[in-house]
Structures are given as C-alpha cells and as structure tokens.
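structural data only, the sequence is not supplied:
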C-alpha cells in the first residue's frame, strides 16, 4: 500500500461508528489508492471495455458505502475494496452475456505480476471461479492471493491482517499460485 496514513484507520472507525462526515473526510485520502487498485484490476482488459478505471472505482465505492462492514483498519478496507472491484468486473462480464471462453470475453493476463503464471490469458469469470474453489479448499490461501494480487498489500501487511508470519504468507502465495496455474491451465513461474 502506498498510503500508510494512520488517519485512514481512525476515519474508518468513526465511519463504522456512524459518523457519516468521516466518510467525506476519508474519500480524498483514499481516492488515489483506490484508483491504483482499480487500475490494477483492469490490467489486461480490452481498451474498449465499457467499464473504465474510474467507472470501476465509482461502482465499487457505491457498493462499499452501502455495506455494513466492521472495518478493522486500512488494510482491511483496501482488501475489501479490491474484492469489491473484482466482483464488479465479474458481474459486469456476466451481465453482458459473455459466454465462457467466447471471443468477447473479458481477459485477465496471468503474468508474474498478477498471479505468477505465464502462458495464455484466462477469462475473468474462470479466474473468479478458480478463486472461489481455492477459497473453498483453503480460505486463507484464497484471502492471501486476494490481498496481495488484487489488493496490493505487502507480505508484512497481509501477515498483520491474517495474523500469520510473512514467511507463511510467502509459502501460502507460492502454493496458491501453483494451484491456480494448474486450475487455469497455465504454467506457474518460480518465485
């Protein structure tokens, strides 16, 4: 995360406690980081995709504001924001009637910057389904992948959120990348 501002956690706590003005003070502080996460989420999308980065950010923001989440801290908020953005993209793909693996499918490249798997790109819906299967098999691995690749959290930040060591985070990511690569028919990179 590029914004370690401790005020974010304080404002999230105030918002959670019902202070709606805290949300107004929070947005300018978190907007750039949310935009970076949205940009990361859109990496690999078609240039003519109808949901651009700003639209994705705004749709996710509206969903976040409408939720009743017990915000723990800024890492938790940004992790939920990343998950929400992924859900928006998947819902968007499904609502536009894209059949799996069709020519008009939304593509996500599984290069080493995203899920450390080379080879062919995977359909966003396939990736989402694989992430759901991974989480069903091992919830922590699914969460670690989501926090790191979709939320942009560092190993130390993930360790704090999941209450495990950074070494465990590294190990969980290696195993999860290999599992996802196998599920999606890609070759895993060596970390």
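Now that the structure is in, tell me what you want to look at. It should be emphasised that the depicted structure is a prediction, and the values quoted were computed from it without experimental measurement. Numbers count the residues shown, from 1 in each chain.

show me where pLDDT drops low in this structure?
For the chain, residues meeting the criterion pLDDT under 70 lie at 1-4, 44-49, 97-122, 187-191.

and with 80 instead?
Within the chain, the segments meeting pLDDT under 80 span 1-6, 41-50, 66, 68, 75, 93-124, 149-153, 186-191.

for it, what spans make up the strands?
107-108, 122-123 (DSSP state E).

from residue 143, how far off is the closest residue to residue 165 other than its chain neighbours?
Closest residue in space to residue 165, ignoring its immediate chain neighbours: residue 159 at 5.8 Å, by C-beta to C-beta, 6 or more residues apart in numbering. In this view, the C-beta of every residue, glycine as well, is placed from N, C-alpha and C. For residue 159, the distance to residue 143 equals 12 Å [C-beta to C-beta, to the nearest Å].

if we can go back for a sec, shouldn't the residue nearest to residue 165 be in contact with residue 171?
No. Counting by C-beta atoms under 8 Å, residue 171 is not a contact partner of residue 159; they are 11.4 Å apart.

and the two? which has more neighbours close in?
Legend: neighbour count by other C-beta atoms under 10 Å for residue 159 and residue 171, higher for residue 159 (19 against 14).

dump the residue contacts of that one.
165, 166, 168, 169 (C-beta atoms under 8 Å, 6 or more residues apart in numbering).

and for residue 141?
Residue 141 neighbours (C-beta under 8 Å, 6+ apart): 134, 135, 172, 175, 176, 179.

tell me the most packed of the residues you listed, by neighbour count.
Each of the contacts of residue 141 was scored by neighbours using other C-beta under 10 Å; the highest score is residue 176's, at 26 neighbours.

how near is that one to residue 137?
The gap separating residue 176 from residue 137 is 10 Å, by C-beta to C-beta.

what do you get for residue 160?
Counting by C-beta to C-beta - residue 160 and residue 137 are separated by 24 Å.

neighbour count winner among the two?
The neighbour comparison of residue 160 against residue 137 (other C-beta under 10 Å) goes to residue 160, with 17 against 11.

and the nearest residue to that one once chain neighbours are set aside, how many neighbours?
Excluding the flanking residues, the one nearest residue 160 by C-beta to C-beta, 6+ apart is residue 75, at 6.5 Å. Per other C-beta under 10 Å, the neighbour tally for residue 75 reads 22.

surely residue 75 touches residue 163?
No. Assessed by C-beta under 8 Å, residue 75 is found out of contact with residue 163, at 11.7 Å.

for the residue nearest to residue 160, which residues are in contact?
Residue 75 sits next to 1, 147, 151, 153, 157, 158, 160, 161 when contact means C-beta under 8 Å, 6+ apart.

alright, that wraps it up for me.
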